[in-house]
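Colleague: I'd like to go over a predicted model; first the sequence, then the structure.
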Amino acid sequence: MNQHEILKQYFGHVSFREGQAELIKHVLAGRDVFGIMPTGAGKSVCYQVPAMMMAGITLVVSPLISLMKDQVNALVQSGIKAAYLNSSLTAGQYAKVLSNARQGAYKIMYVAPERLLVGEFLQFTADTPISMVTVDEAHCVSQWGQDFRPSYLKILEFIDRLPNRPIISAFTATATAEVREDIIRILRLQDPFVITTGFDRKNLSFGVQTPGSKLPALMEILKRNKGKSGIIYCSTRKAVESVCEELNRKGFSATQYHAGLGNDERHANQDDFLFDRRTLMVATNAFGMGIDKSNVSFVVHYNMPKNLESYYQEAGRAGRDGEPAECVLLYSAQDVRTNQFLIEANRETDAETTVEMQQALILKDKERLKAMTFYCATTDCLRTYILKYFGETSPNFCGNCSNCNTHFETADITIEAQKILSCVVRISQRNKGFGKVMITDILRGADNERIRQTGLSDLPTYGIMADVPVHRIRTILDHLILNGYLALSSGEYPVVSPTELCGEILREKKSLEMKLPKNVPPANAKSKSKFSAKKETAVERDTEDLFSALKDLRKQLATAAGVPAFVIFTDAALHDMCRKQPKTLDEFLDVSGVGKAKAERYGKLFTGAIARFGAKTK
């Protein structure tokens, strides 16, 4: 079979997505490849299809047990022989997998990086033809990446020990230009074919909110996504536990995941979410990197993450099936301080990292944190900001983010900017430096002990903006930093200082404008929110009822097979069944995501359910 026949027979698709065909072509030609593709773009197909066409076994190095299990379950359901090797297997199970592999039972094997240099596995690979080594989540190999894992450095030693060098393929969803170059260098990719298919996930809407209280804001998001599967990320274990407890108290079906839980509880909670027994997962960033769950409809960051790489990867767990999904970040200034502490405390490196290298890595993390903070402060298009960070250009208006969809007006902030800049300059002239909170307090004329002790109440700018709301001062202050009129230092306590550009405003009297929210429209104003309710038609209700019936059937089959529901069929496949309503097995094969094995296994059940539903609605 050629690649197109394999794609249809095993994966149920008639055409490749952007970049897939090119990567497969170069792998089959014997060339190393490197694919930078967003979450949900189909990276796995790029190595699974050629693995089926090459002699020998393809080894996929993957960082998380949950990812391996989901991928292998999905492959087996599609009729592809696959297995995994990781710490979840007993000694007997591990030996059985290797024995089966020696006898040619598998085309694809997933392996944890920690297992690569184990004697038994090295002996197996010395005697077994390895056609390709695929490095999934390849950014983990780079110390400059947001999720460096020292165990990934074992990949090079493992490849060097193989009798013959196989094709090396590497894939990642989030990597800056610097990290991409690092991956190619560290993995020693030979003349690789490199493709970046773009970071834009058009089905995702992005939003940033700065609520006075986060819990009510979260409740509003959950209400408009009632009954849908979602992830809520928090930065600390304590926040995970308190948010999860509050959600369950209010009647939501939520579970939790963080490193402080025991292994059994973590795995049980993860399975509850994957198997749709719980609709909400409240978690730290320890959760989700290997989660292949396709029907996550929204991701909320209850706290701002440390960098845009992590944010985009975590937000990207929504909408993997291509359906519209929502990504909202709830921001507060405390998030910045929490992340500064975490950067200093939790930077994981290998034993050979020098003190100088450690400091350089921490400095890099702080630069990323600054970019993440600016994302939360910008009034420009959020999608454009993200894509620009990853080196892509895009229109300045996407129409699918909170900034583009909020009613903004261009306001003249020249006078307010002059007052803020003058305050920072006068503080600098006294050889002092303070953060944004202190500067805001000075401008508003706060009467607190610190201001009295430092004698700042006699500044000419003390109290000069007493009638301006704190939020407006902070918004303009962030805008001045974002556009280079002020600088924000790195370190545990970032200090605001003037730059040369501020002279344009203070001395040259340059005018300055920025986008600020308009006044809230009257209560009777017609809403243009994309989340506003619409009147359902009879056809839409019937389609929704059929979708629910097919979901129920899928759940029964998944429970019987002991796999998550999306492994049987994704929500996107069920929606396509609702649209096409196939009556025969041949028609069922035309459904997107239905291959030969699944059609033979489930075709009669689903076409029968569709036929019964049709008879009821006549």
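Modeller: Good, I have the coordinates.
Colleague: Over to the nearest residue to Ser489 once chain neighbours are set aside: give its phi and psi.
Modeller: Excluding its sequence neighbours, the residue lying closest to Ser489 (CB to CB, 6 or more residues apart in numbering) is Val495, at 4.6 Å. The way it works is simple: take the backbone N, C-alpha and C, and place the C-beta from them, glycine included. Phi and psi for Val495, reported as degrees, to the nearest 10, are phi -110, psi 140.
Colleague: Could you tell me which residues make contact with Val495?
Modeller: Val495 is in contact with 433-435, 488-489, counting by CB atoms under 8 Å, 6 or more residues apart in numbering.
Colleague: remind me which residues of the protein are low pLDDT?
Modeller: Residue ranges of the chain with pLDDT under 70: 146, 288-291, 346-354, 407-408, 491-492, 517-542, 618.
Colleague: Any figure for the gap between Leu501 and Ile481?
Modeller: 11 Å (CB to CB, to the nearest Å).
Colleague: same deal with Asp70?
Modeller: For Asp70, the distance to Ile481 equals 42 Å [CB to CB].
Colleague: can you check Lys604 too?
Modeller: In terms of CB to CB, Lys604 sits 63 Å off from Ile481.
Colleague: Just the buried residues of the contacts of Val495.
Modeller: With neighbours counted by 16 or more other CB atoms under 10 Å, the contacts of Val495 contain buried members at 433-435, 488.
Colleague: Where strands are concerned, which of the residues you listed count?
Modeller: Among the buried ones among the contacts of Val495, the members found in strands (DSSP state E) are Leu488.
Colleague: Ramachandran angles for Pro170?
Modeller: Residue 170: Ala, not Pro. According to degrees, to the nearest 10, Ala170 has phi -130, psi 140.
Colleague: Isn't it up against Met37?
Modeller: No. Ala170 is not in contact with Met37 according to CB atoms under 8 Å; the separation is 11.3 Å.
Colleague: In this model Glu504 seems to touch Gln418, though I could be wrong.
Modeller: No. Between Gln418 and Glu504 there is no contact under CB under 8 Å: 10.9 Å.
Colleague: Same drill for those two, tell me which one is more crowded.
Modeller: Shown here are Gln418 and Glu504; by other CB atoms under 10 Å, Gln418 has more neighbours (18 against 14).
Colleague: what residues are up against that one?
Modeller: So Gln418 contacts 505-506 (CB under 8 Å, 6+ apart).
Colleague: same deal with the one 5 residues further on?
Modeller: If a contact means CB under 8 Å, 6+ apart, then Cys423 has 439, 442-443, 459, 461, 464 as its contacts.
Colleague: State the number of residues packed around Gly92.
Modeller: 8.
Colleague: do the same with Ala345
Modeller: Using other CB under 10 Å, Ala345 is surrounded by 7 other residues.
Colleague: which secondary structure element contains it?
Modeller: Assigned by DSSP states H and E, Ala345 belongs to helix 333-346.
Colleague: re earlier: nearest to Val336 among the contacts of Cys423?
Modeller: Val336 has its nearest neighbour among those in Ile439, at 14.7 Å by CB to CB.
Colleague: was I right about the closest one contacting Pro498?
Modeller: No. Using CB under 8 Å as the test, Ile439 is too far from Pro498 to be in contact (11.4 Å).
Colleague: what residues do those two have in common as contacts?
Modeller: Jointly contacting Ile439 and Pro498 under the rule CB under 8 Å, 6+ apart are Val424.
Colleague: burial of Arg450, as a residue count?
Modeller: 11.
Colleague: Contact partners for it?
Modeller: Neighbouring residues of Arg450 by CB under 8 Å, 6+ apart: Met438.
Colleague: where's it, which helix or strand?
Modeller: Secondary structure assigned from DSSP H and E places Arg450 in helix 449-454.
Colleague: cool, and His479?
Modeller: Applying DSSP H and E as the criterion places His479 in helix 470-482.
Colleague: Can you tell me the SS state at Leu59?
Modeller: Secondary structure state of Leu59, per DSSP: H, G, I helix; E, B strand; the rest coil, is strand.
Colleague: which non-adjacent residue is nearest it?
Modeller: Val133 is the one closest to Leu59 (CB to CB, 6+ apart), at 5.1 Å.
Colleague: returning to that earlier point: filter the contacts of Cys423 down to just the ones in strands.
Modeller: Using DSSP E, no member of these falls in strands.
Colleague: and which of these is nearest Arg383?
Modeller: Closest to Arg383, out of all of the contacts of Cys423 and judged by CB to CB, is Ile439, at 30.6 Å.
Colleague: residues touching the closest one, list them.
Modeller: In this structure, Ile439 makes contact with 420, 423-424, 427, 477, 496, judged by CB under 8 Å, 6+ apart.
Colleague: Swap in 6 Å and give it another go.
Modeller: By CB atoms under 6 Å, 6 or more residues apart in numbering, the contact list for Ile439 reads Val496.
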